[in-house]
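K.L.:
can't give you the sequence, but here's the structure:
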């Protein structure tokens, strides 16, 4: 039922650049030692521990996060849920109202008194905008952070050329951002971030503004270049989570509502938001007779874990399934509320659940029609519901 798999534990993939975070200063955390700037010289992966509390107008973001060295954690949720606030707090751009942020044993922030400036954290942030310096060439953009940290100009530029080659732009060194495509600018931003040798990389939807082909290419590049780098990636796309992350954290109104391996979260969503992210429908009911019931509708499952949950009579359950797996014509009655065209068919929204059918099958349906629907037991899973 999952849209993704969990990836390889300990494999990070991310970017960073922005708001000064990718510009370490001499002596700052994450700054490379002068003269030792080979692209392969990635510092030892760092452990990140944080409790981020930021009060917003409508709700408070309160998220605890523990990321193992080299682990990649994807963060997903609805727009405005607090995902970007989490990243900007970790990057030092948003002050904590409460909480603490540590990288390995070093305390970066401890509200309300201790706060480390972004350029001294060893943390870099890359968002949708590459934020390259427009007056500098690609080479000088990549070399900027190391040079600011005291690396000799010739060494920094040589390493920058190597980084540009590693992100697929071996001949772009002399080009300025105005002469680079959006995808090329993001590649340069990745090179600039990694050349600064960060301990932690934060990605805030860096692929969302790119076309599908370019996004796929950069996703593959990130998958390779960020191996072993501790990373937190905010994304709206389950494909990104599957490709880049070891774990998936679901955030709703400033709180973490589910956290676990990507495959497990997407296969067994604990909330309606998580189900939508996974491309699944989620109905809440109770266990009865070894199956799931809700308002006279009954669903069965062949999944062993689901059957184990359903064995407890009266237990609160959620049934999860794909709308495309629904069969119309037999089963429980439901009243059609409306029809929604999709790229692959038509979503039939009823008062009991949702089905996705072909345009031909939907042609005869109208709001108010009563249909019968069912889901093959092999395509249904049950998860605990509170």
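P.N.:
Looks like it came in fine. No experiment lies behind these values; they were computed from the predicted model shown.

K.L.:
residue 190 is in what secondary structure piece?
P.N.:
helix 182-195 (DSSP states H and E).

K.L.:
after that helix, next one along is what?
P.N.:
strand 200-204.

K.L.:
what residues of the next helix or strand after that next one count as buried?
P.N.:
Counting by DSSP H and E, the element after strand 200-204 in chain order, helix or strand, is helix 212-225. For helix 212-225, a neighbour-count test (16 or more other Cβ atoms under 10 Å) marks 214, 215, 217, 218, 219, 221, 222, 223, 225 as buried. Every C-beta, even on glycine, is put in place using the N, C-alpha and C of the backbone.

K.L.:
pLDDT weak spots in this structure?
P.N.:
1-44 (pLDDT under 70).

K.L.:
hey, which strand is longest across it?
P.N.:
strand 327-341 (DSSP state E).

K.L.:
from the contact counts, what lies against it?
P.N.:
With contacts taken as 3 or more Cβ pairs under 8 Å, 6 or more residues apart in numbering; DSSP states H and E, strand 327-341 sits against strand 297-299, strand 346-350, helix 359-362, strand 370-374.

K.L.:
now with 10 Å, please.
P.N.:
strand 297-299, strand 346-350, strand 354-357, helix 359-362, strand 370-374 (3 or more Cβ pairs under 10 Å, 6 or more residues apart in numbering; DSSP states H and E).

K.L.:
now the helices for this protein?
P.N.:
Per DSSP state H, the chain carries helices over the ranges 83-90, 138-148, 153-166, 182-195, 212-225, 238-244, 262-267, 272-278, 304-310, 359-362.

K.L.:
any chance of the ones you listed in CSV, plus distance to residue 119?
P.N.:
Output for these, formatted as CSV (distance: least, Cβ to Cβ, whole Å):
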stretch, distance to residue 119
helix 83-90, 14
helix 138-148, 8
helix 153-166, 17
helix 182-195, 13
helix 212-225, 22
helix 238-244, 26
helix 262-267, 32
helix 272-278, 34
helix 304-310, 48
helix 359-362, 55
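
K.L.:
can you tell me which of those is nearest to residue 377?
P.N.:
helix 304-310 (9.2 Å; Cβ to Cβ).

K.L.:
could you pull out the buried residues of that closest one?
P.N.:
So for helix 304-310, counting by 16+ other Cβ under 10 Å, buried means 306, 307, 309, 310.
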